[in-house]
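Trainee: with the input below, show me the fold.
(chains A and B)
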Amino acid sequence: MDDWREAQEVLVMDGGIKVPYSWSAGETGTTYLESLRDDKKFLGTRCPECGIVYHIPRRNCPDCFSECAEWVELGSSGELVTYTITRKHHPQLSPLKGVFGYAVIKLDGADTGFVHLISEFDESQLAKGARVEAVFAGEREGSILDVRYFRPVKAVS
Amino acid sequence: MGAKRAGIVGVGMTVQRSTRRDVSGVELINEAVRAALDDSGMTRKDIDAIVIGNMDHFEGINYVDTWSVDGSGALGKPIMKMTTGGTTGSTVAMGAYYHVASGMFDRVLAIGWEKNSESDTTGAIITAFDPFWDRPTFGGAVAGLALEATQYMAETGATEEDAAYVAVRDRKNAINNPFAHLRMESNIEAIMSTPYLAWPVKLGDMCPRTDGACAVVFASEDIAGDFPNVPAWVHGVADRHLWGYTSDPYVNQHVKGGTWFPAMERATRELYDKVGITDPLEQFDVAELYLPYSFAGLRYMESLGFCERAGGPALVRSGDTDMGGKCPVNPSGGVLSSNAIGATGLLRVAEVALQVQGRAGDRQVPGAKLGLATGFGGCYWSDELVIGKEKPEKARG
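Mentor: The predicted structure is shown next:
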């Protein structure tokens, strides 16, 4: 059985596609990222019809299609909508080392959640609705990873 | 539920530019969609289904249908991605047409878009090709087309100047189109003096790389009277695919029954038979053809039956394809003026629709009633649509 394998070794060519891309964040995305980078402030946009505050900000409401021109400053804290903890890492791709988590976080003042990272936690501190706060990078370059991660807000004693 | 006739009742397009850094891809799509909805007197909520397409490797976004929902208006609606390379825009139009013609949807939005500025075109396009037989020796779109051009010149005696005539014609037409990217008065000498990219193709012979989007609303005959615009009716569509290796675009020319450009010729034959076209130059009032480089404007005229084989140069130099001629080709300026690839085929359809509706502004062909729109894909496949002012007797595939 399978003696054909011995008769011929099939050639396999390895590929490593590298295509350069330069994506534009657009004006709305740029305003948002500049605020994170320069002021360490999260911004959202409000739909004038639905009243929904979108974070990440949208240029137009996905539902009613109104233009969302109004900027709203959001808190840098919020609550966990859902989360997971990851213990296996990819040496190149994992954004943080050690035990960390991925979470959907709804910032104070926003109606929609977004995906980011959580770290500096004791697992007992994590639960749906738990309060978390942003930890900003020291050197920021206009990326969503200018926020390194979120961590549980220390209880006020 | 029988097949339904379908008409185009709304058109939206963005201004075509080399770079649109002010908007993300999703926001660019939204510009065109918003314009098409406004044009058809509808809101997002009136749309039953959406078909969207682009060259997904050009932006590196693989689930464009999902990713673009905020811009396309597909939130909570059926959406389907269709991507067929250069023909993507015309395929999207055909897909939206099939949705309506099937009788299952009444109002379907077709969207084509591209941000060529966001990648290296050749670096991205190579990912569409076979890793063993094409990629290691891939010359890109320009060199691939140049192989066609040299063969064409050798077999017909056509000259580079003949091809330059096409580039001059289309870009001059673009002056009348406020949405076009390259709008310029030119002449054959000026095109001839541009640098060679891959002989005989010069910079002036090639389409630009463009950012842009287009959206078109198709509606069923049952409701086509409900819109502010008189519908532009789809009379018939046809498409054929084949694969020519990048180094031999005519591979199928040498097998049984092989002809000049088999995919285009066979699609043309089927379409003309269905619609009743025997003399396209006389019967079509306007044509918006996917001519990605100037030589295509000679050779494809032959495959589309506008003239005999090798008759392309004489046809275009006769002026019959100029504005004011028997069948003006590319009043919009065509692909040689704007090539946001995923939008390009759909723009051809949109432009013919505007023409037969009498809404093409300064680029209007007076009294246009019947037009041809095509999409071209490398390596050498073809989409074709006939769109007319009159309602066809029946729905045709």
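Trainee: quick check on residue B:329: phi, psi?
Mentor: Backbone torsions for residue B:329, taken as degrees, to the nearest 10, come to phi -100, psi 130.
Trainee: OK, contacts around it?
Mentor: Residue B:329 is in contact with B:169-170, B:286-289, B:291, B:297, B:301, B:321, counting by Cβ atoms under 8 Å, 6 or more residues apart in numbering or on different chains. Where you see a C-beta, it was placed from the backbone N, CA and C, and this is true even at glycine.
Trainee: what's the answer for residue B:33, then?
Mentor: Contacts for residue B:33 (Cβ under 8 Å, 6+ apart) come out as B:12, B:44, B:71-73, B:109, B:111, B:213, B:215.
Trainee: biggest separation within these, which pair?
Mentor: B:44 and B:213 (15.8 Å; Cβ to Cβ).
Trainee: so these two - more neighbours on which side?
Mentor: residue B:213 (36 against 22; other Cβ atoms under 10 Å in any protein chain shown).
Trainee: let me know the secondary structure of that one.
Mentor: Three-state call for residue B:213 (DSSP: H, G, I helix; E, B strand; the rest coil): strand.
Trainee: distance-wise, check it relative to chain A.
Mentor: Per Cβ to the nearest Cβ, to the nearest Å, residue B:213 is found 13 Å from chain A.
Trainee: that residue and residue B:15 touch, don't they?
Mentor: No: counting by Cβ atoms under 8 Å, residue B:213 does not reach residue B:15; the two are 10.0 Å apart.
Trainee: quick revisit: buried ones among the contacts of residue B:329?
Mentor: B:169-170, B:286-289, B:291, B:297, B:301, B:321 (16 or more other Cβ atoms under 10 Å in any protein chain shown).
Trainee: narrow those residues to those in strands?
Mentor: In strands, judged by DSSP state E, the following of these are found: B:286-288.
Trainee: for the chain, which segments are assigned as strands?
Mentor: Unless you meant another one, I'm taking chain A. Using DSSP E, strands in chain A cover A:42-46, A:53-54, A:70-74, A:77-86, A:100-107, A:114-118, A:131-136, A:147-152.
Trainee: oops, chain B please
Mentor: Under DSSP E, chain B gives strands at B:6-13, B:49-53, B:79-81, B:107-115, B:196-198, B:201-202, B:211-220, B:232-240, B:286-288, B:370-377, B:381-388.
Trainee: and chain B, what are its domain boundaries?
Mentor: Here the domain parsing of chain B from automatic domain parsing is B:6-121+B:211-226, B:125-208+B:236-388.
Trainee: in terms of mean pLDDT, which of those domains ranks lowest?
Mentor: Of all those, the minimum mean pLDDT falls on domain B:125-208+B:236-388 (a mean of 92).
Trainee: quick one: it to chain centroid distance?
Mentor: 9 Å (Cα atoms, centre = their mean, to the nearest Å).
Trainee: just send the strands of chain A back as CSV, with mean neighbour count too.
Mentor: Output for these, formatted as CSV (neighbours: other Cβ atoms under 10 Å in any protein chain shown):
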stretch, mean neighbour count
strand A:42-46, 23
strand A:53-54, 22
strand A:70-74, 15
strand A:77-86, 16
strand A:100-107, 20
strand A:114-118, 20
strand A:131-136, 18
strand A:147-152, 20
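Trainee: for chain B, which of the ones you listed is the nearest?
Mentor: Smallest distance to chain B across those (Cβ to the nearest Cβ): 9.2 Å, for strand A:53-54.
Trainee: ok, the closest one: who's next to it in the sheet?
Mentor: Partner strands for strand A:53-54, per DSSP bridges, with pairing direction: strand A:42-46 (antiparallel).
Trainee: what does the strand it pairs with rub up against?
Mentor: Outside strand A:42-46, the residues that touch it by Cβ under 8 Å, 6+ apart are A:28, A:31-32, A:35-36, A:52-55, A:57-59, A:68-76, A:107, A:109-110, A:134.
Trainee: try it again with 6 Å
Mentor: Strand A:42-46 is touched from outside by A:32, A:35, A:53-55, A:57-58, A:68, A:70-72, A:74, A:76, A:107, A:110, with contacts defined as Cβ atoms under 6 Å, 6 or more residues apart in numbering or on different chains.
Trainee: please apply the same query to stretch B:213-220.
Mentor: By Cβ under 6 Å, 6+ apart, stretch B:213-220 touches B:4, B:6-14, B:28-29, B:32-33, B:36, B:40, B:96-97, B:100, B:106-113, B:343, B:346-347, B:350.
Trainee: do the same with stretch B:375-390
Mentor: B:85-87, B:90-91, B:144, B:232-241, B:243-244, B:249, B:263-264, B:267, B:271, B:275, B:290, B:345, B:349, B:352-353, B:356, B:369-374.
Trainee: quick check: longest helix of chain A.
Mentor: Using DSSP state H, we find that the single longest helix of chain A is helix A:26-39.
Trainee: pull out the buried positions in it.
Mentor: For helix A:26-39, the neighbour count (16+ other Cβ under 10 Å) marks A:26, A:28-29, A:32-33, A:35-37 as buried.
Trainee: and if you look at stretch B:101-112?
Mentor: Neighbour-count burial for stretch B:101-112 [16+ other Cβ under 10 Å]: B:101-103, B:105-112.
Trainee: ok, now stretch B:342-361?
Mentor: Residues of stretch B:342-361 classed as buried by neighbour count (16+ other Cβ under 10 Å): B:342-358, B:360.
Trainee: also stretch B:163-178?
Mentor: Buried positions in stretch B:163-178, judged by neighbour count with 16+ other Cβ under 10 Å: B:163-177.
Trainee: in helices, which of those residues appear?
Mentor: Mapping those onto helices (DSSP H) picks out B:163-174.
Trainee: give me the nearest residue to residue B:241, chain neighbours excluded.
Mentor: Once flanking residues are discounted, residue B:241 sits nearest to residue B:381: 4.2 Å by Cβ to Cβ, 6 or more residues apart in numbering or on different chains.
Trainee: dig out what that neighbour forms beta bridges with.
Mentor: Counting by DSSP bridges, the residues bridging with residue B:381 are residue B:377.
Trainee: next, count neighbours for the residue in the stretch 251-397 of chain B that chain A sits nearest to.
Mentor: As assessed by Cβ to the nearest Cβ, chain A sits closest to residue B:340 within the stretch 251-397 of chain B, at 14.1 Å. Counted with other Cβ under 10 Å, residues neighbouring residue B:340 total 33.
Trainee: ok, it touching residue B:212?
Mentor: Yes: at 3.4 Å, residue B:340 counts as touching residue B:212 under the criterion of Cβ atoms under 6 Å.
Trainee: what sits in contact with each of these two?
Mentor: residue B:16.
Trainee: residue B:275 contacts residue B:235, correct?
Mentor: Yes: under the contact definition of Cβ under 6 Å, residue B:275 touches residue B:235, with a separation of 5.0 Å.
Trainee: returning to what we had before: residue A:123: which of the domains of chain B is closest?
Mentor: domain B:6-121+B:211-226 (32.6 Å).
Trainee: if we can go back for a sec, so which of the buried residues of stretch B:342-361 sit within helices?
Mentor: Short answer: these in helices (DSSP H) are B:342-357.
Trainee: excluding its backbone neighbours, what's nearest residue B:312?
Mentor: Among residues not flanking residue B:312 along the chain, residue B:298 sits closest, at 3.2 Å (Cβ to Cβ, 6+ apart).
Trainee: ok, the one you found touching residue B:310?
Mentor: No: using Cβ under 6 Å, residue B:298 is not in contact with residue B:310, being 9.2 Å away.
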